[in-house]
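**Student:** quick one: sequence plus predicted model below, questions after.
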Amino acid sequence: MNDSSLGEKEAISGEKTESSQTTAKWLSELTLAHVNALTPYESARRLFAGSGADEKQICLNANESPFSSEYSVDSSVFNRYPDCQPNTVINAYAQYAGLQASQTLVTRGADEGIELIIRAFCKAGKDSILICPPTYGMYAISAQTFDVGVKKALLNDDFSLNTDDILQYVGKVKAVFICSPNNPTGTSVVKADIVKVLSAFKNKAIVVVDEAYIEFDNEHTQTDLLAQHDNLVILRTLSKAFALAGLRCGFTLASPAIIKILLKVIAPYPIPDPVAQIASKALDDYGLAKMQKDVNVLKAELVSLQNQLQQIGDIKIVGDINANFILFRSTYKTDLMAYLVKNKMLIRDQSKQIKLDNCLRISVGSPKQNQILLVLIKAFFADGNQ
Ligand SMILES: Cc1ncc(COP(=O)(O)O)c(C=O)c1O
């Protein structure tokens, strides 16, 4: 861990001691070189940790749901270790996804699915994965954590897959990560492109399609391809449409053979019992109906937010709105971010990503939160703050 990450830890705990500010020589020598070189993922939570976050802040920066639900749990079983793969959760998710239980793995968020694939299929210091930026940052971070290389086939300018470029990596990578709908561009990948990639990498590499936001764009799911393509892995989560980011529960969907391999590298008790209990409820008829209702509200809000945003200042919408966020470009992005933070409105800067200069991302909030956001953005441009 490097100095900047230590600083972040201190900000979280609020404790700052002399000795914790620098890593002792013996400790950095003991640490693996690739670990010394790591910078931890700047999650939305970490970025604002210790910055005086308070309840009045509106968080539209982590693609979370603005809606929460109440759950109660049965604590009488907490003296026991939980099942590694609780049947109730596996069966419920398999049914929801239209698959068999043997094709379904439950994990500590979709992020753990990413990690398991890299750990099971990539050799440290030797193998590589392929990513298609601009995209979700955890594929690269997870690979770097295990000293696995990261190759890049950039998306085209319209954020579609550059399949010609991707195909050049056949035989050179062990896993290809494709995000659809893609974070942060909100664009979805067409099935023909996925099939092309799956066929080219057949018997050579795992093709991972990250469908963390699929409930916002159901018709683009690739689950039907699992029947013909044994190198396909699909990632899902309860963190987005199901409004359970705090639960840390995700799913990996793949052939029974791949699921068996991933079960060799997963922790013995990855899913705490309260998580399993709540996940089962989120996936029952009532939970699914609630999720669908939330998604409908958020999709309508996204369209309205998009229409209004593009009429303000120099704002230009970038990408699409197939997930639960909007990406836009403004030459005033730095001042606009600062203005919003000052007014307790948190959105996410994406401008460091390739092809996304001057881009900011807004996670769609509740109708009320979106109104507050629009009022602030309009005030920023009207006041000549830029
Ligand atoms: C594309 C994508 N995949 C996976 C994740 C992680 O999901 P989880 O909360 O289930 O770990 C995120 C979270 O933002 C995401 O955007």
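**Tutor:** Right, received. Where do you want to start?

**Student:** rest of the way, CA atoms for contacts and neighbours
**Tutor:** Will do.

**Student:** what about Gln308, distance to the ligand?
**Tutor:** For Gln308, the distance to the ligand (CA to the nearest ligand atom, to the nearest Å) stands at 24 Å.

**Student:** counting by contacts, list what the lengthiest helix in the chain packs against.
**Tutor:** Ranked by number of residues, the top helix in the chain under DSSP state H is helix 285-309. Here helix 285-309 touches strand 325-329, helix 367-382, going by 3 or more CA pairs under 8 Å, 6 or more residues apart in numbering; DSSP states H and E.

**Student:** below-threshold pLDDT in this structure: ranges please.
**Tutor:** Residues of the chain meeting the criterion pLDDT under 70: 1-21, 45-55, 385-386.

**Student:** which residues in it form helices?
**Tutor:** Using DSSP H, the helices of the chain run over 3-13, 25-30, 33-36, 44-47, 87-97, 109-121, 138-145, 163-167, 191-200, 256-265, 273-282, 285-309, 333-342, 367-382.

**Student:** sorry, back to before: buried deepest among the helices and strands packed on helix 285-309, which one?
**Tutor:** A comparison of the helices and strands packed on helix 285-309 by mean neighbour count, using mean count of other CA atoms under 10 Å, puts strand 325-329 on top with a mean of 24.

**Student:** strands paired with it, and their directions?
**Tutor:** Note on strand 325-329: by DSSP bridges, its sheet partners are strand 316-318 (antiparallel), strand 359-363 (antiparallel).

**Student:** what are the contacting residues of it?
**Tutor:** 63, 184-186, 302, 306, 315-320, 356-364 (CA atoms under 8 Å, 6 or more residues apart in numbering).

**Student:** can we see that at 7 Å?
**Tutor:** 63, 184-186, 315-319, 358-364 (CA atoms under 7 Å, 6 or more residues apart in numbering).

**Student:** and if you look at stretch 240-253?
**Tutor:** Stretch 240-253 has contacts (CA under 7 Å, 6+ apart) with 63-65, 67-68, 103-110, 113, 213, 215, 233-239, 275, 291, 295.

**Student:** what subset of the residues you listed is buried?
**Tutor:** When neighbours are counted using 16 or more other CA atoms under 10 Å, those contain these buried positions: 63-65, 103-110, 113, 213, 215, 233-239, 275, 291, 295.

**Student:** which of those residues are close to the ligand?
**Tutor:** Residues of those in contact with the ligand (CA under 6 Å from any ligand atom): Gly109, Ala110, Thr237, Ser239.

**Student:** and the strands paired with strand 325-329, which is most packed in?
**Tutor:** Among the strands paired with strand 325-329, strand 359-363 has the highest mean neighbour count (mean count of other CA under 10 Å), at a mean of 25.

**Student:** check the offset of that one from the chain's centre.
**Tutor:** The chain centroid and the centroid of strand 359-363 are separated by 14 Å, computed with CA atoms, centre = their mean, to the nearest Å.

**Student:** sorry, back to before: with distance to Phe381 added, can I get the strands paired with strand 325-329 in JSON lines?
**Tutor:** Compiled in JSON lines, the strands paired with strand 325-329 are given as follows (distance: least, CA to CA, whole Å):
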{"stretch": "strand 316-318", "distance to Phe381": "14"}
{"stretch": "strand 359-363", "distance to Phe381": "15"}
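
**Student:** out of those strands, which is closest to the ligand?
**Tutor:** Of all the strands paired with strand 325-329, it is strand 359-363 that lies closest to the ligand, at 10.5 Å by CA to the nearest ligand atom.

**Student:** which residues sit against that closest one?
**Tutor:** Outside strand 359-363, the residues touching it (CA under 7 Å, 6+ apart) are 60-63, 324-330, 333, 347-351.

**Student:** counting neighbours, what do you get for Asn343?
**Tutor:** The local packing of Asn343 (other CA atoms under 10 Å) involves 14 other residues.

**Student:** my bad, Pro181
**Tutor:** Per other CA under 10 Å, the neighbour tally for Pro181 reads 28.

**Student:** state the distance from the closest residue to Asn203 other than its chain neighbours to the ligand.
**Tutor:** Sequence neighbours aside, Asn231 is the residue nearest to Asn203 in space, at 7.2 Å (criterion: CA to CA, 6 or more residues apart in numbering). Asn231 sits at a distance of 19 Å from the ligand (criterion: CA to the nearest ligand atom).

**Student:** surely Asn231 touches Lys202?
**Tutor:** Yes. Asn231 is within contact range of Lys202, at 6.4 Å (criterion: CA atoms under 7 Å).

**Student:** the two - which one has more neighbours?
**Tutor:** Asn231 (21 against 16).

**Student:** so who does the more buried one touch?
**Tutor:** Residues near Asn231 by CA under 7 Å, 6+ apart: Leu198, Lys202, Ala205, Ile206, Val207.

**Student:** I'd like those as TSV, with distance to the ligand appended.
**Tutor:** Shown next, in TSV, are these (distance: CA to the nearest ligand atom, whole Å):
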residue	distance to the ligand
Leu198	19
Lys202	23
Ala205	20
Ile206	17
Val207	15
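
**Student:** hmm, back to that, now the two most distant members of the ones next to the ligand among the buried ones among the contacts of stretch 240-253.
**Tutor:** Ala110 and Ser239 (8.6 Å; CA to CA).

**Student:** list the residues that contact the closest residue in space to Pro184 that isn't next to it in sequence.
**Tutor:** Nearest non-adjacent residue to Pro184, counting by CA to CA, 6+ apart: Thr135, 6.1 Å away. By CA under 7 Å, 6+ apart, the contact set of Thr135 is Cys179, Asn182, Asn183, Pro184.
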